[in-house]
Each structure stands twice: as structure tokens, then as C-alpha cells.
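J.: pasting the sequence and the predicted coordinates here, then a few questions.
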Amino acid sequence: MPHIYICFLWHMHQPFYKDLLTGEYRLPWVRMHALKDYYGMVKILEEFPGIRQTFNLVPSLLVQLEDYAKGQVCDPFLDAAEAPAESLTDEQRHFILQYFFQANPERVIHRYPRYRELYERWVGADRDPRRAAHYFSTQHYRDLQVLSQLAWFDEEFQERDPEVRALIAHVSEYTLEDQKTVGRKQREILNAVIPAYRAAAERGQIEISTTPFYHPILPLLCDSDIGAAAHPGLPLPQRFCHPDDAREQLSLARLFMEQRFGRAPEGLWPSEGSVSDEALALAAEVGFHWAASDQGVLEKTLQAASTGPGGLLYQPFLWEQDGRRLSLIFRDHFLSDLIGFVFSRMNPEDAAADFTRRLAVIGEPFLASGRDALIPIILDGENAWEYYERNGRPFLRKLYARLQEDPRFHTVTVGEALNRLPAHALHTIAPGSWINANFDIWIGAEEDNRAWNLVGEARRFFDRAQAPSPVAREVAYQELLIAEGSDWCWWYGPEHDTVNRIEFDQLFRNHLANVYRVLGSQPPEELARPLVRERGRVVSAGPTGYIRPAIDGEITSYFEWIGAGHYRADQRLGAMHGRRFLVRELHYGTDGASLFLRVDFLPGEYDRLPGLEARLTLEAAATARLCLLLGEQGVEKCEFSSTGAFPGPSMAPEPEAAFGRVLEVRVPLEAVGVRPGDRLRFQFSLWRENLPIDALPLEGWLELDTSEPADWRA
């Protein structure tokens, strides 16, 4: 009887934050994600014995986890969290204010009332540590020290651990003893992470695969010129060609995993799904039996769409070239990205139902023809969850329950899938990654190419330098391998941004500088200068006066929106790749009786707008939602609903909306229970087929004060 096999592969990875010379961890994200994602993602499977999955563990992550588990870390972030609040220096206070609010405001910070209150103090001080210090007492600092750590604790501990539950129930006014409890519980969780994976593997519920040791882009290590093969005309750095390093990254990973888990892994998730014939050949030679990449790479290889009923995407392949063999599967890009980027804004039950419905639609043609289907879902196992309600656990529980109960679906490990389904022959692979089937994220931009040139220069120096000792040479080589990792160039170039971009740049340059230092030489002057350039951030300003624009879908006059507030986000903000934006900025304001909103879209994206649903959600005394169906000739449907109690019957006129060059909306404040002088908060989002595809703000709400200050009046 044919089956729909669902193959989850969760990729667990963080950059290498440790400086090998100083031993200091320059950023805290291994520890923070270990408290939450690394432990919880495998622990939750104990509730669903019928769910089987593959977890891809990167050795450089496990090395850092082992450091934390042993207590052998120099982590200034942990030190700052555990220092008695009474004895904090000015430098430590500034450090805490700068870094301890780096969490998702809506899902993480706002979950804890005191944390939210402290965050609002921070925002009110324009996120300036020196200015904010005037508004934080010793108790404020201690509460921040506790809550900034506690907020990252896994749901397993938040729901079931008596000590953690007591800390959460405490809410505020924490003590030094509470700080010590948080530190002790952190170490307890950190020590439980790797054993949780070992236990799940031993009971047969998970398969463990791995990635080249320090997460490099293998095809670029083999030959950086392949960047132009994947994207003709791409500007390239000086050629970097070290397949021996690629082999070493693979061999070290396989040996390390065998030592930690008692057997060598069969499978490989090449960093970022990046493949080439040369990279696959090295993986096969080292001893891997299977690897995975992305749907886009398969489509490029076959020069045809591989999706749709009966599509080849949903079958395994056997790559074979010059006597080397490697089984391959290819991730369903759309389904994987739904979990990564979309479902976080949906109700968990609705998201789980939507996902399983899509799985059934894909699988039914296979079942009807008497064939098995394999649907690979591959994505990060850590980055998405802080955007979900309660760290994604409600969604995962709903999803796993549906998959476990529905007889059409069978979750399997990658190895099990390959044993059950026949494979199609494949004699070559198109070079590319999971992002656009090329390597543009990591090479081609000015910053990327400068980084590659610095790595190449350090590699040549290493080859000709005389090491003072074998140990020094090994440390220098490890620093080189670390610098070859993909994480540094992820942040270089125009595609991504982070508040820690400067720290990532410093880390990369420090790793390279250590190559020279360990070998007794002065690092090049260029390594002392940042590679990164300043990036834009959210641009936001509140209204400065009443406005009364015409609702016609056009910018009728420049003057009609003078006095409006505006909100514009840098579209590159965020750690994850996959979101394509449509909205450029919002303009908003009031005349004391209505909210006016203007939505400006990105140039070149107007063809994508017809057929989308625009939603404006408003909260005051009532919660209201205006839903607009955008069409070729304007707004095709306008539906307004309001829930909640507020004084007096509403006789407000209906909202207005018009879509043309821009989208313009007017909502009577009375319809949301807002009286002049009240505050209103709102969000704007775009949806397609009940899936959110863009929103402003990306997190949280915009707020509007409906009063008219005296200096606005004539």
C-alpha cells in the first residue's frame, strides 16, 4: 500500500563565537538557543512516539555546547547576567542595556510584564545606554538580568519545572538568590542538550546527520570561481581553490560525530544546501551515504520544474559520477519556508491544518497511481521559533498530533526513506545553494569579495609560514577553517542585517588575525579595519498635526499627508533568508474622528498585488479588522468587523478604502471604541490564500495618540 512519507530535517547551527586565543565567547547565541531550541526541539518528540525525524547537528555548535556544559567558558554575557546588581560598574550597566533586550519584542519580551516595562523604558530612552542608565535603578537591572535569561528557557522548563515556574510567577522584584537560581538552571539545561539527542537516537526516533565542521560553503572552498558558474557575470574575488580544506572540513565532522554518538553519520546537510559535483564527490569519498539540497537546485539540474502532481521533487535520487555514489533528497522550498517564515503569524491550529492539507494535496496523486511520495521538509531548527507563540510549541504539538493520527502520513528519517523508495539516476548536479540555486549570498558583493581575499591571503601565509610548534600550526589551521565558515559572509553584502553585524565582522577579522599571531607574525593592517558599512534601520516618526486626506488611492497632493506619521523598515533586517517584501512604508494620522492610513508599495511589485487581501487590525476599547481584497481596478471587497465592549452604540459611518498608486484607508475611530484623546494601536499585513506574506511593522504595533496638542491648533 503506498504512503505519503514526510521527512523532517531540522538543521541546528550557530557560528563559532569563541576566540581560540583568548577563549572568550563574543556573542551568547549558542547558550541562549541551547536553553530554548536545541533542547526543546528534540525533547518534545517524547510526547509523540510515532513521529520520526532527522536532526542535523553541526560539530562547531556541539564543541561550543560542550564548553558550556563543562562550565569551561569565558562568556561576558553570562558574567553580566550573574553579577550582583548592586556591584555593577557603569561599563557593565551599559553592556546589559545594550545586549539584554536583543529578543523578539512581541513574542519573547512582551510575554513577561516586567520585561516589557523595562523594554519600554529602554525604547523611551532612544535605546541609548548612557541616557537609559538614568531611568534604571538597581532593582531594574536585577529584574532585567533575570528576565533576559528566563525568557529563553524552554517550554519544558517553563511549564513543568517548579523552580522556573516560581521564578516566572514572581514577575519582578527579583533577588540575588533568584539570579543564582537562574544561573544554576541554565547549567542544568545546557548539560541536558547533547544527552537528549543521544537518547532519542538510541531509541530510534531520530537520525543524526551533520555538516562540514565549521559550516563552510563546500563548492566555494573547492573553487570560488564556481560562483560565476551558478550566476554568470557575478563579480568574483581572487580565486580561492582549496579542495583539501573542504575534505578536511568533511572528515573532521564525520570523525567528531562518531566520537560523540558512537557511530559515524550516514547523512550530510551541506552548509546552506550548497552542492556541486566536486563537493558531492568529496562527501562520497569521505564516507557519507546521503546528502540533501534544495528544490531550486534540482529544477536547475533538470532544467525543468520538478514540482506538481507526480513531480520528481518527491522522490529520492542517486548521484553517481566516476565511481562515486551519493543518495540525494531535495527540500520542498515552499513548504519548508511556510514553517520558517509564515506560520508564526497564524493560529497554531489553523497553521497545522493548512500544512497537513498541503501535504495531502501533494501526496494524493502518488497514492492514486499506487506510488509512494517523499516530502522533504528541511529548515533551521532554531531561528524561527522566537517569532511564534510560546516558542512554536503549540504549533508543533498540533502539527505532530495531526501527522501521527492521520493514516495517510508516515514521518520517517532520511535513511528510512532512502531504504523504502526507489531512486532516480542523476549523473551531474547544478552548482547552487538553497537560496536562488546560486551562491550570491556568500560571494560577489564588495564586502563578500574583500572577505574572500582576506581568507585567501591568510591561507597563502599559512602555507609558507614556519610554525613555532606543531600545536601552534594546528591552532592556526583551525582558525583558518573557522574563517572559511559561511556565517561571516551571510552578514556581508546587501542581503541581511543584524544588530550584531559589527560583532560578526570583528569576530571574522579576529579569527584571521589569530592565524598570523599564532604563527608569530603581525596581522595585516587591513584586518584592523571593519569590512562592514553602516546600514539603515527602521525610520519612524509620529504625526505632527491633524490630516484630512482624500481617500482615492492616489497621492492627490503632496500637502494632504503633511503632518502624518510614517514608518519604514530596512527590508534586510533579520537573520533568516526567504522573505520577499511588498510594502515600502506606511503613512498614518488622524483628524480626531478617523484613522487615516496610506500604504506605499515597493516599486516593481505592483503586479503581485491584485488578488491579495490587505488586513488592517486595530486595538483600543474594541478589536477591529478591516479586510480588503485588492484587484486590478481597485478594492474589490471591503469587510469590517469589530469585537469587544465599549460605551454607547456605534453610529459611525463605514470605513473607506481606495487602491490605485497607493492604498488609502479611513476608519472611524468610534467604530473601534476610540474617543478623542484615546490611544489606538494598529498593524497592517498582506495575505494570500490565508497565508501572511508581508506586514508592517514586522513585529509589534504602531501607536496613535488621537488627541490634538495645543501647538497643532490654529
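T.: Nice, thanks for sending it over. Numbers count the residues shown, from 1 in each chain.
J.: after the helix or strand of the chain with the lowest mean pLDDT, next one along is what?
T.: Ranking every helix and strand in the chain by mean pLDDT, DSSP states H and E puts strand 691-696 at the bottom, with a mean of 77. Sequence-wise, the next helix or strand downstream of strand 691-696 (DSSP states H and E) is strand 702-705.
J.: in that following strand, what's buried?
T.: For strand 702-705, the neighbour count (16 or more other Cβ atoms under 10 Å) marks 702, 704 as buried. No exception for glycine: its C-beta is placed from N, CA and C like everyone else's.
J.: report all helices and strands that that strand contacts.
T.: Where contact means 3 or more Cβ pairs under 8 Å, 6 or more residues apart in numbering; DSSP states H and E, strand 702-705 is packed against strand 565-568, strand 583-590, strand 679-688.
J.: could you rerun that using 6 Å?
T.: strand 679-688 (3 or more Cβ pairs under 6 Å, 6 or more residues apart in numbering; DSSP states H and E).
J.: could you dump stretch 141-153 to CSV, C-alpha only?
T.: Listed next in CSV are the C-alpha coordinates belonging to stretch 141-153 (Å, rounded to 0.1, in the frame of the first residue of the first chain):
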residue,chain,number,x,y,z
TYR,A,141,18.9,46.0,36.5
ARG,A,142,18.4,42.8,38.6
ASP,A,143,15.0,42.2,37.1
LEU,A,144,16.5,42.6,33.6
GLN,A,145,19.3,40.3,34.4
VAL,A,146,16.9,37.6,35.5
LEU,A,147,14.2,38.0,32.9
SER,A,148,16.5,38.3,29.9
GLN,A,149,17.7,34.8,30.6
LEU,A,150,14.5,33.3,31.9
ALA,A,151,12.7,34.4,28.7
TRP,A,152,14.9,32.0,26.7
PHE,A,153,14.1,28.9,28.9
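J.: list the contacts of that stretch.
T.: 32, 35-36, 81, 85, 100, 108, 112, 114-115, 118, 164, 167, 172, 174, 178-179, 182 (Cβ atoms under 6 Å, 6 or more residues apart in numbering).
J.: mind listing what's buried in stretch 8-22?
T.: Result for stretch 8-22 [16+ other Cβ under 10 Å]: buried residues 8-20.
J.: same list (these) but as TSV, adding pLDDT.
T.: Output for the buried residues of stretch 8-22, formatted as TSV (pLDDT from 0 to 100):
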residue	pLDDT
Phe8	98
Leu9	98
Trp10	98
His11	98
Met12	98
His13	97
Gln14	95
Pro15	96
Phe16	96
Tyr17	96
Lys18	95
Asp19	91
Leu20	92
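J.: which ones among the contacts of stretch 141-153 are found in helices?
T.: 32, 81, 114-115, 118, 164, 167, 178-179, 182 (DSSP state H).
J.: how much space separates Leu704 from Thr590?
T.: 6 Å (Cβ to Cβ, to the nearest Å).
J.: Gln303 too?
T.: 55 Å.
J.: please apply the same query to Cys74.
T.: In terms of Cβ to Cβ, Cys74 sits 53 Å off from Thr590.
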